[in-house]
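Novice: Kindly return the folded structure for what I paste below:
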Amino acid sequence: MDYARFCPGSISIRQPIPEFVECPRCGEEVEIWTDEITTRCQNCQMTISRDRAPSCIDWCKFAKDCLGVEAYNRLKGGGK
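Specialist: Purely as a prediction, here's the structure:
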């Protein structure tokens, strides 16, 4: 079954959009996508992490099928 077709909660993972954060080291504006946990500042090379808000990955029994194993593991912290 195509769970993703019915799940509005996974849209920011299935159809990511860029967000911009300030690098805490150099102040440069850094792009991070809604399906990423970390990114690297192009100016100073610092790895920037953000807190992952609770999402369907945490409670939905279909999350792995909906998002795919690779995305699920990456976002749960099991891989990059």
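Novice: Just give the closest residue to the residue minimising distance to the centre of the chain, not the sequence neighbours.
Specialist: The chain has Asp35 as the residue nearest its centroid, 2.5 Å off, counting by Cα atoms, centre = their mean. Residue nearest to Asp35 in three dimensions, not counting chain neighbours: Pro16, with 4.0 Å by Cβ to Cβ, 6 or more residues apart in numbering. In short, each C-beta sits where N, CA and C put it, glycine included.
Novice: contacting residues around that neighbour?
Specialist: Residues counted as contacts of Pro16 (Cβ atoms under 8 Å, 6 or more residues apart in numbering) are Trp33, Thr34, Asp35, Glu36.
Novice: Find the nearest non-adjacent residue to the first one, please.
Specialist: In space, not counting the residues next to it along the chain, Trp33 is nearest to Pro16; the distance is 4.4 Å by Cβ to Cβ, 6+ apart.
Novice: Just the element for that neighbour, please.
Specialist: Pro16 is part of no helix or strand, with elements assigned from DSSP states H and E.
Novice: what about the residue nearest to the centre of the chain, distance to Cys26?
Specialist: Asp35 is 25 Å from Cys26, where distance means Cβ to Cβ, to the nearest Å.
Novice: can you check Arg74 too?
Specialist: Distance check for Arg74 against Cys26: by Cβ to Cβ, it reads 26 Å.
Novice: More neighbours: which of these two?
Specialist: Arg74 (17 against 12; other Cβ atoms under 10 Å).
Novice: buried ones in the strand or helix carrying that one?
Specialist: Using DSSP H and E, Arg74 maps to helix 69-76. Neighbour counts over helix 69-76 (16 or more other Cβ atoms under 10 Å) mark Ala71, Tyr72, Arg74, Leu75 as buried.
Novice: How about the contacts made by Arg50?
Specialist: Val21, Ile32, Ile37, Thr38.
Novice: Of the residues you listed, which is the nearest to Thr47?
Specialist: Nearest to Thr47 among the contacts of Arg50: Thr38, at 5.6 Å, using Cβ to Cβ.
Novice: Flag the shaky bits of this structure, pLDDT-wise.
Specialist: 1-6, 8-9, 12, 78-80 (pLDDT under 70).
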